[in-house]
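# quick one: sequence and predicted model below, then my questions.
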Amino acid sequence: MQIKESSEIYDVIIVGSGAGGGMATKQLADAGLNVAVVEAGPFFDPKDPVTQTQLKWAYESPRRFAGTDRAFGGHDMSWGDWEVEGEPYTQEEGTNFMWWRARMLGGRTNHWGRISLRFGPKDFKHKDVDGLGDNWPISYDDVKPYYDKLDKLIGVFGTKEGRENDPDGFFLPPPKPRLHELFYIDGAKKSNIPVIPGRLSMLTKKINNERGVCFYCGQCGRSCSVYADFSAGSCLIFPAQKSGGQVKIFVNSMVREVTTNEEGKATGVSYINKEDRKEYKLKAKVVVLAASACSSARILLNSKSKQHPNGLGNSSDIVGKYLHDSTGASAAGVIPGLMNRKVSYNEDGVGGMHVYSPWWGDNSKLDFPRGYHIEVWGGMSNPTYGFSMDPNGLNKHFGLKVGGYGDSLRDDVKKYYGSVIGFGGRGEAVARKDNYCEIDPTTVDQFGIPVLKFNYQWSDFERNQAKHMQDTFEELIHNMGGIPLGEKPGKDQDYGLHAPGQIIHEVGTTRMGDDPKTSVTNKFQQLHDVDNVFIVDAGPFVSQADKNCTWTIMALSWRASDYIIEQLKAQNI
Amino acid sequence: MDRRKSLQTLILGGAAATTGVAFNSCKTETIDEAVVESSEKFFGRTPKELERIEKLNAEQLFNEHEMETIAALSVVILPPKEPHGGPIEAGVPELIEFMGKDVPTMAPTLLGGLMWLDHKSNTEFGTEFKSATLEQKKQICDEICWHDTEKPLDEQPLEIQFFYMMRGLTVTGYYTSKVGIADLGYKGNQPNVWDGVPQDVLDQHGVAYDPEWIAKCIDQSTRGTIATWDDDGNLLT
C-alpha cells in the first residue's frame, strides 16, 4: 500500500484540537501561518442541532439518558469515554489507570467542568516548599501575562480574593450561590474552611459579539449551543477560521507518528484516515503535538527512526514518565434542612459550582505534602435515568421504613428532592518517575498503531490526602446538620481515593526542564532533541497543582505559540 | 393500535388519561427561541448510537402478556394521580422493555420476576397477576416490597430483587417523563436568568445571603454589556 503524500507544506501541523491544540490553532493562524489541524474524531460544533443534547429532556431518549451509550449519561457531550471502540490500552498488573479519550473536534473541552483555576506561585516551585518532585523551569511570573490574556479572550467568572496561591485574574462577576451552596458556606465557616465564588469559564456577561451569554440551564457538560461556555471549537478554532486564518482541519484522522528526515528533524506526520483506512502523510515546517498528555507521549514513542531509535524526543528516556493525575475522593450527605423544598423556581444555574473551597491547609502539620480543593454539588436536579431509583432509600437515616409502594412514593420523592449535597476533593499527587505509560509492543489498535500500557501506583501521600478529604467531608456534613450517605471508606479502600486517571487531569508525560537528560521539552515546550516539534497539551507539566489543568494548558500553549512565531520569524526553525 | 395505546386501554379502562401539562414558563428577554425549537427534532445521537437504538428497538424482550404484566405492576407501584397521570402515561413499560435489552444483565431478573408473579398469583388466586383484583395484587406485592436494607440486594430472594428493580424503574421512569416532571414541579431545563434564591425560600430554610458576597455577583441588568477591565482586573462595565 502506497502512502499518500500531500505536496502542500504547511507552516504548522497541530495534532489534536482540544484546549492546547485549539489555542495553538488560534494563535498561529492569527499570526498568518498556514495551519493544518489533525483530529482523530469527527467534526463537532456545539450549535449544530443534529448533535445537540443541550435542553433535551430525558424522555426524548428511549433510555432516559442512562449512561449505556455515554459513560457520563446520554446527554454528555463527549464522543468517546473510558472505552473507545477498537482503540484499547493495557495495564501493568496491579495498575488500574482510567483513560478518558474524547474523539471529536474540541476534544474533552466540549464536556469538561470549566473549572478554570490559575496555578499559583508555589505550584511552579513546589520542590522549594517541601523538597519533593521538581520545580518547573518557569515561574508564575512567566505565565501570568498569558493567564491575563486568556481570561479576557475566553472569559471566566470569579472574584478577586487576594489569596497567596490562588492568583486573581480578569474576572466576570460570578452567579449568586444556590440554596445548597448557602448551606455549604455556613458549614465550611464552622470549620474555618474558606469558601469563595467558583472560577469557571462561562460567560455571565458578554465578552464580545460572537458569543452568547449564559442562560443558566446548568448543562455545560452538554456543550453550549450559544457558545456561552468555553470549548476549543467554539471559542478558538472557529474564530480563527472566521477571522480569515488559514486553518485546514483534517477530522477522523488518527496520527501514527511524526515523520523525520535524515537530519532527524520533523517533516510532518503520518496518519490513518478512519474513513478509507489508508495511511496519509502531511508535511510541515513545525509539528505541534496536542493530542493529550498520554496520546502525545504515544505518538512520540511510536515515532522511531534511525535518528531517534528510542522514539522522538526520547533520548532522555523520560517520555511517558512522571505521568500523574489529580487525586480525587468523594462523599455525599442528606441535609434535613434542605428537605421539603419549594419547587417554585429554576435553580439550574451554571453547569458547575457557584462556590468552592480552595486549599486552606498547612501541609507542614499534615501527613501528606500537597493540597486539594473542594467542589460542591447539589440542588434540584434535572431528572434523568437513575433519578429516585431508590425513592425512599434515605428513609433509613430517619428511622423510617425503606421500600413499599403506592402513592406515598410520590411524597418521598418530593420530600428528598434537592436535599443531598456532595463533595469532590481534587488534589495534587506528587509526580514520580515510576508512574508511567509506555508502548505495549504486543497490542495494536484497529489502525495498527501500538497502544499504551499504563503503570501507575498511588503512594501514601495520596492515600493520606484522601483520608483528610474524607474526614473533612464528614465534618462538613455534620456542620450542616446532615447525615453522611454510605460507609466512610477506610484504609482497606484507600480512603475512597479514585483510580489514577479517573479525574481526567493526566499530566506530566513529556515534562519540561532545563536539563535534556531529565526532561523532554525546554521551557518553551520545544523538544530538546528536535527543535521543530512542540508539545502544548498537559504533557510538559512538571507538576499538577491542587487546581485543574486546563487553564494552564491554554496559557502555556499561547506562550509556546508566541515562541514558535518568533522562532519562525527569526528562521531558527 | 400501537403498544402504548393498548396498554393504556388495558390499565385505564374507561377513565380518560389526562396528560395536559401546563409548564410554568418564565419568559425572559434574552431567550434564543431557536435554541429551544431546534432541540425538538433530534436528541443528539451519533449515527452509531442511533443504529444501536434501532437494533434494540427491533428486538423484543417481553411478549405481549409480559408487557401487560409490567404495566399492571407499575400502576400498583405508582398509582396514577390527577392531573399528572402515572406510569403508563410516562411510558414506563416501554422504558423497561428498552432497558432490559440495553442492559442485558437486568433481563433475567425481570423475566424471572414476571414468571414468579404469575406463579404466585395462579397459586394463591387461580388467576394471572394482571387479571387479579387490585387487592390480590397488593397482597402479592406486600410480600416482596420490603427488602433487608442491611444486606446486599443480590443476596436476597429473586422476587425481592425483582420488585426493587421494578419499583426503581417505575419511579425513575415516571419522574423522567413529561408527566412526572410536571408532578415533581422541576422548573429548569429552559433558558432563564439566575438571580439568586427567592426570599421566601431563604426564609423557609433559615439562610440568608451575605451582602458582601452578593455585591460581587453579576448584576443581571448588565449581562448584555461587553466586559472591560482596568489594568488591575477591576471590571469597568
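Ah, there it is. Because the structure is a prediction, the values reported are computed rather than measured.
# so A:Tyr356, which of the three states?
Put simply, A:Tyr356 is strand when judged by DSSP: H, G, I helix; E, B strand; the rest coil.
# how many neighbours does A:Lys278 have?
A:Lys278: 13 surrounding residues under other Cβ atoms under 10 Å in any protein chain shown. All C-beta atoms are positioned from the backbone trio N, CA, C, and that covers glycine.
# ditto for A:Ser7
Count around A:Ser7 with other Cβ under 10 Å applied: 5.
# tell me the pLDDT of it.
Note on A:Ser7: pLDDT of 86.
# once you drop chain neighbours, what's closest to it?
Leaving aside its sequence neighbours, A:Ser7 sits nearest to A:Lys283 (Cβ to Cβ, 6 or more residues apart in numbering or on different chains; 7.9 Å).
# tell me what that neighbour is bridged to.
Here A:Lys283 sits in beta bridges with A:Ile9, A:Gly268, going by DSSP bridges.
# surely it meets A:Asn34?
No. Using Cβ atoms under 8 Å as the test, A:Lys283 is too far from A:Asn34 to be in contact (11.3 Å).
# give me the common contacts of those two.
A:Tyr10 (Cβ atoms under 8 Å, 6 or more residues apart in numbering or on different chains).
# state the distance from the residue nearest to A:Ser7 to chain B.
As judged by Cβ to the nearest Cβ, to the nearest Å, A:Lys283 and chain B stand 32 Å apart.
# show the pLDDT at that residue.
98.
# show me the contacts for it.
A:Glu5, A:Ser6, A:Ser7, A:Glu8, A:Ile9, A:Tyr10, A:Thr267, A:Gly268.
# how near is the fifth one to chain B?
Spelled out, it's A:Ile9. Noted for A:Ile9: a distance of 34 Å to chain B, by Cβ to the nearest Cβ.
# same check, this time on the last one
In this view, A:Gly268 and chain B are 30 Å apart by Cβ to the nearest Cβ.
# contact partners for that residue?
A:Ile9, A:Tyr10, A:Ile13, A:Val258, A:Thr259, A:Lys281, A:Leu282, A:Lys283, A:Ala284, A:Val287.
# could you double-check that the last one lies in contact with A:Ile535?
Which is A:Val287. No. Look at A:Val287 against A:Ile535 with Cβ under 8 Å: they stay out of range, at 9.6 Å.
# now do the helices in chain B.
With helices called from DSSP state H, chain B shows them at B:3-12, B:33-38, B:47-58, B:64-77, B:92-102, B:107-125, B:134-144, B:158-175, B:178-184, B:199-205, B:211-216.
# dump the ones you listed to a markdown table, plus mean neighbour count, mean pLDDT and distance to A:Ile477.
Below are those laid out as a markdown table (neighbours: other Cβ atoms under 10 Å in any protein chain shown; pLDDT from 0 to 100; distance: least, Cβ to Cβ, whole Å):
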| stretch | mean neighbour count | mean pLDDT | distance to A:Ile477 |
| --- | --- | --- | --- |
| helix B:3-12 | 16 | 42 | 42 |
| helix B:33-38 | 14 | 50 | 38 |
| helix B:47-58 | 13 | 94 | 38 |
| helix B:64-77 | 22 | 98 | 31 |
| helix B:92-102 | 24 | 98 | 32 |
| helix B:107-125 | 17 | 98 | 33 |
| helix B:134-144 | 16 | 98 | 33 |
| helix B:158-175 | 24 | 98 | 25 |
| helix B:178-184 | 23 | 98 | 25 |
| helix B:199-205 | 14 | 98 | 17 |
| helix B:211-216 | 12 | 97 | 22 |
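# could you export those as a markdown table, including distance to chain A?
Output for these, formatted as a markdown table (distance: least, Cβ to the nearest Cβ, whole Å):
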| stretch | distance to chain A |
| --- | --- |
| helix B:3-12 | 13 |
| helix B:33-38 | 4 |
| helix B:47-58 | 5 |
| helix B:64-77 | 4 |
| helix B:92-102 | 5 |
| helix B:107-125 | 13 |
| helix B:134-144 | 6 |
| helix B:158-175 | 4 |
| helix B:178-184 | 6 |
| helix B:199-205 | 5 |
| helix B:211-216 | 5 |
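# stretch A:91-104: end-to-end distance?
One end of stretch A:91-104 sits 25 Å from the other (Cα to Cα, to the nearest Å).
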